[in-house]
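In: The sequence isn't on hand, but the structure is:
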């Protein structure tokens with residue numbers, strides 16, 4: 001059904017206008033500078049001068065796993081888990097989601113690959129049955145320092161909804177966990193390890209990395225190229241890491257841990273992804289480079305929710321309230337650039353001929369705090385449309 005969303009502050013690629021959006025057949029038919037634009041016989045909805053942004057495109061969220069396993073060793077129905085996850089993502093303004101599911105079982109993680117098989121199938125089945133609000137695809141987080149990662153990819157990686165793989169190596173002492181004390185804090189806190197158990201865990205992870213990482217990385221790159229799947233690197237820290245990524249045909253650098261690596265990734269033509277929680281919290285939980293530092297250096301292209309679904313919109317409006325970015329620049333970080341990175345050229349901006357994926361946002365002006373002395377604009381999602389259909 002045709003629809004006009006009028007009286008909106010519309011965030012376009014290069015400006016914000018007070019106008020209206022005409023939607024027809026799931027596509028944006030017209031963007032008008034007239035806030036009271038109307039068409040005979042076409043229903044209209046007053047946006048109350050709220051912002052209208054392009055629907056967010058999420059490249060890396062691992063939250064579906066927590067819905068499937070809400071407690072240690074306690075599992076939920078996988079389709080219901082995906083539906084609950086989808087509702088949370090849509091309510092956070094996301095109209096396209098690449099669900100990042102880990103494959104590859106490491107020490108003490110014998111259920112990981114079994115979970116991946118179940119969840120990949122659940123996402124695909126729920127999406128194709130029309131059960132979901134947002135448009136979902138699969139991003140496989142491939143832990144190369146494990147014995148079964150390639151075998152699992154061969155089982156689940158052939159579906160057309162698998163659009164991205166990221167190559168990860170979480171062996172302590174390098175990349176994300178170059179700081180061993182940060183890794184110790186994470187493992188002891190999350191898994192209640194004793195010092196002896198921690199030492200044994202580190203030794204086993206290093207052994208697995210030495211045994212499997214190089215060969216698995218090479219095999220995964222070959223499979224991704226054969227199937228036309230976008231490849232991302234994960235936690236690159238050094239020039240050598242970027243050189244390795246470049247040789248592998250990597251297009252996306254996820255969460256580089258140092259400024260050096262980010263500079264090298266940009267020089268190699270890779271799009272740089274950082275976690276929006278890094279912006280909101282004011283730094284990395286692992287002690288690595290702050291996303292805001294990369295933004296100031298012009299080395300940040302995409303924000304992902306990572307482990308907090310609401311964080312991309314929160315980060316955009318926080319940065320906007322501080323004067324660090326304009327709203328069109330913010331929309332590019334969470335919509336336009338990730339759509340381009342995933343090869344989804346039909347969305348990510350509000351423009352005629354694009355999918356009618358839009359999100360209505362009202363702002364609540366927060367008071368000044370020690371962390372945010374100028375206050376901050378908190379985004380409140382008031383409505384979400386996916387292909388012109390109201391989904392949240």
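Out: Perfect, thanks for sending it. Predicted model only: the values in this text are computed from it and were never measured.

In: Flag the shaky bits of the stretch 151-300 of the chain, pLDDT-wise.
Out: 170-204, 285-287 (pLDDT under 70).

In: what domains does the record give for the chain?
Out: Following automatic domain parsing, one finds the domains of the chain at 3-46, 55-346.

In: now, of the ones you listed, which is deepest in the fold?
Out: Counting by mean count of other CB atoms under 10 Å, domain 55-346 has the highest mean neighbour count of the domains of the chain, with a mean of 20. Heads up, the C-betas are built off the backbone N, CA and C, glycines and all.

In: okay, how far is it across that domain, tip to tip?
Out: 12 Å (CA to CA, to the nearest Å).

In: what's the distance between that domain and the middle of its chain?
Out: Centroid separation for domain 55-346 versus its chain: 7 Å, with CA atoms, centre = their mean, to the nearest Å.

In: so what secondary structure elements neighbour whichever helix or strand residue 245 is part of?
Out: Applying DSSP states H and E as the criterion places residue 245 in helix 239-247. When contacts are defined as 3 or more CB pairs under 8 Å, 6 or more residues apart in numbering; DSSP states H and E, helix 239-247 sits against strand 230-234, helix 259-267.

In: repeat that for 6 Å
Out: Applying 3 or more CB pairs under 6 Å, 6 or more residues apart in numbering; DSSP states H and E, one finds that helix 239-247 contacts helix 259-267.

In: what's the angle from the helix it packs on to strand 230-234?
Out: Counting by axes from the mean of the first three to the mean of the last three CA atoms, to 10 degrees, helix 259-267 points 160 degrees away from the direction of strand 230-234.

In: and residue 333, what does it touch?
Out: Residue 333 is in contact with residue 303, counting by CB atoms under 6 Å, 6 or more residues apart in numbering.

In: Next: residue 357.
Out: Counting by CB under 6 Å, 6+ apart, residue 357 makes contact with 55, 95, 347, 386.

In: my guess is residue 377 is in a helix, correct?
Out: No. Counting by DSSP: H, G, I helix; E, B strand; the rest coil, residue 377 is not part of a helix but strand.

In: quick one: the nearest residue to residue 311 once chain neighbours are set aside from residue 82, how far?
Out: Once flanking residues are discounted, residue 311 sits nearest to residue 276: 3.7 Å by CB to CB, 6 or more residues apart in numbering. Using CB to CB, to the nearest Å, residue 276 is found at 22 Å from residue 82.

In: Ok, residue 260 next?
Out: 39 Å.

In: do residue 240 as well
Out: 38 Å.

In: Residue 44 reaches residue 3, doesn't it?
Out: No. Checked against CB atoms under 6 Å, the pair residue 44 and residue 3 is beyond contact range at 7.5 Å.

In: Let me see the contact set for the residue nearest to residue 311.
Out: By CB under 6 Å, 6+ apart, the contact set of residue 276 is 303, 305, 311, 312, 315.

In: Most widely separated two among the residues you listed?
Out: 305 and 315 (9.3 Å; CB to CB).

In: contact partners of stretch 29-38?
Out: Residues from elsewhere that reach stretch 29-38 (CB under 6 Å, 6+ apart): 6, 7, 17, 18, 19, 20, 21, 22, 44, 352.

In: mind running it again at 7 Å?
Out: With contacts defined as CB atoms under 7 Å, 6 or more residues apart in numbering, stretch 29-38 is touched by 4, 6-7, 10, 17-23, 44, 350-352.

In: Which ones among those lie within helices?
Out: Within the contacts of stretch 29-38, no residue falls in helices by DSSP state H.

In: Mind checking which of those residues land in strands?
Out: Members of the contacts of stretch 29-38 lying in strands (criterion: DSSP state E): 4, 6, 7, 10, 17, 18, 19, 20, 21, 22, 23, 44.

In: coming back round to it: looking at the contacts of residue 357, which are in strands?
Out: Among those, the members that lie in strands (by DSSP E) are 95, 386.

In: got a markdown table for the contacts of residue 357, with distance to residue 296 too?
Out: A markdown table is the format used below for the contacts of residue 357 (distance: CB to CB, whole Å):
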| residue | distance to residue 296 |
| --- | --- |
| 55 | 27 |
| 95 | 29 |
| 347 | 28 |
| 386 | 34 |
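
In: And the furthest pair within the contacts of residue 357?
Out: Maximum pairwise distance in these, criterion CB to CB, is 9.6 Å, between 347 and 386.

In: Now for these two: what residues contact both?
Out: 55, 357.

In: Find the residue closest to residue 237 in space, skipping its chain neighbours.
Out: Nearest to residue 237 is residue 257, by CB to CB, 6+ apart, at 4.5 Å.
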